[in-house]
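Colleague: sharing a model prediction with you, sequence too.
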Amino acid sequence: MTGVRWAYALNQWDTNIDAFVRKREHERAFKTVSISGFSAVELTAESFGAWEPLGTPKQIADLYGSLEGFREVLRSCALDGVSSYVYDPFIGFDVEMGRGYDPLEEASIPQITATATWFASALQALGGDVLVVRPVGSAWQTGPLGDDQIAALARCWNEVGRAVQAEGVALALHFDFLSALRLDDGLDRLLTATDPDLVGLALDTAEFAIADIDPVDFYTRHAARVRHVQLKDARAVVDDEEARAPHAEHFVRTEGGARGILRWFFEPTDEGGLVDFVGFAEALAAHGYEGWIVVESDQSPHPAESTMVSGWYVQKVLAPIVEGAAAAVSAGA
């Protein structure tokens, strides 16, 4: 794939296991994404069976007859297909709501690789080419990662990267604001330890900002490793101490922590959030980024409105910066 393409993540519609299960609900979302100016959707891997009909290739085929049948529905809604799948190896798919595998454990590598390949193969049928993965557990679970643990993660993700590359899909590690990689320069150390030809990075602007990492600065320093971009905004920062609160995924991310944060993520705009989107778009343009840019707002109480607002901001503000620079380079060539 060459150039920049814009997609939208469907996770904001899927707020509960029974909230986004019918075809008519899917088609409304697809058409909203399309009329807002996006060309594809990003899916999240889930293991709730029929309650998450877009959560796995099998569930998609069960509801739509086949992966090709699902892509035809997307095309009928004026979308090209699926840009990417987000896969968390800690989620199991052997049984419904099952437990997955820890990338720090050597014995987990074959199963994680097999599952990643399953999703990568599906992405090829659905028009996508990036598998976004959660590379390690949360800070409260592991504490700072030692050199042996970084090496173990590198072995896992190099192997996975090699396997999905054979399917024509790029691997991109997703850093979240509770990740163990936020401690002791873990993310930089893992990027150094992995093969850049096999393992890339998915840069999620809000997750970086909440972890008090400037996404513009980080991208500028690591532009060559970024294979995927997810755009959303944030308005609050979580420090290392709060990130290490017991069961932070539930206490901090879901319940809002001791401060009672009602919503962590917001649409990309220029209205007082932590992320400098214009600066980020300029950095993408300066470094010649090519790939998917996926807009998210996964806690929006009004999914359709958020999608349309995001689409306007992309078309009027961000796309002219990113795509204008690319057009200028092409014209000069």
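Modeller: Now that the structure is in, tell me what you want to look at.
Colleague: ok, the residue lying closest to Gly256 once chain neighbours are set aside to Arg227 distance?
Modeller: Excluding the flanking residues, the one nearest Gly256 by Cβ to Cβ, 6 or more residues apart in numbering is Leu262, at 6.0 Å. Just so you know, the C-beta spots here come from the backbone N, C-alpha and C atoms, and that holds for glycine as well. Computed as Cβ to Cβ, to the nearest Å, the Leu262 to Arg227 distance reads 32 Å.
Colleague: tell me which of the two has more neighbours.
Modeller: Arg227 (24 against 9; other Cβ atoms under 10 Å).
Colleague: my read: the more buried one touches Asp129, true?
Modeller: No: using Cβ atoms under 8 Å, Arg227 makes no contact with Asp129, being 9.4 Å away.
Colleague: pLDDT below threshold where in the chain?
Modeller: Regions of the chain meeting the criterion pLDDT under 70 cover residues 1, 15-18, 95-98, 325-333.
Colleague: report the beta-bridge partners for the nearest residue to Val130 once chain neighbours are set aside.
Modeller: Nearest residue to Val130 in three dimensions, chain neighbours excluded: Ser84, at 4.2 Å (Cβ to Cβ, 6+ apart). Ser84 has these beta-bridge partners by DSSP bridges: Glu42, Val130.
Colleague: would you map the strands across this protein?
Modeller: Applying DSSP state E to the chain gives strands spanning 4-9, 40-44, 81-87, 91-92, 98-99, 130-133, 170-174, 200-204, 226-231, 233-234, 265-266, 291-295.
Colleague: my guess is Lys31 contacts Cys77, does it?
Modeller: Yes: contact status for Lys31 versus Cys77: in contact at 5.0 Å, counting by Cβ under 8 Å.
Colleague: who's more crowded, the two?
Modeller: Cys77 (18 against 15).
Colleague: tell me the spatial nearest neighbour of Thr2, not counting adjacent residues.
Modeller: Glu290 (5.7 Å).
Colleague: what about the helices in the stretch 1-150 of the chain?
Modeller: Using DSSP state H, counting those that start in this stretch, the helices of the stretch 1-150 of the chain run over residues 23-35, 57-64, 67-76, 109-126, 139-142, 147-165.
Colleague: oops, could you answer that again for the stretch 201-333 of the chain instead?
Modeller: 205-210, 215-222, 240-243, 248, 277-286, 303-313, 319-332.
Colleague: out of these, deepest packed?
Modeller: Comparing the helices of the stretch 201-333 of the chain by mean neighbour count (mean count of other Cβ atoms under 10 Å), helix 205-210 comes out on top with a mean of 25.
Colleague: what separates that one from the chain centre, distance-wise?
Modeller: Here the centre of helix 205-210 is set off from its chain's centre by 12 Å, with Cα atoms, centre = their mean, to the nearest Å.
Colleague: just checking, what packs against that helix?
Modeller: Packing partners of helix 205-210 (3 or more Cβ pairs under 8 Å, 6 or more residues apart in numbering; DSSP states H and E): helix 215-222, strand 226-231, strand 233-234.
Colleague: which secondary structure elements does the last one sit against?
Modeller: The elements that strand 233-234 packs onto, with contact taken as 3+ Cβ pairs under 8 Å, 6+ apart, are helix 205-210, strand 265-266.
Colleague: leaving out sequence neighbours, find the closest residue to Gln315.
Modeller: Gly37 (5.0 Å).
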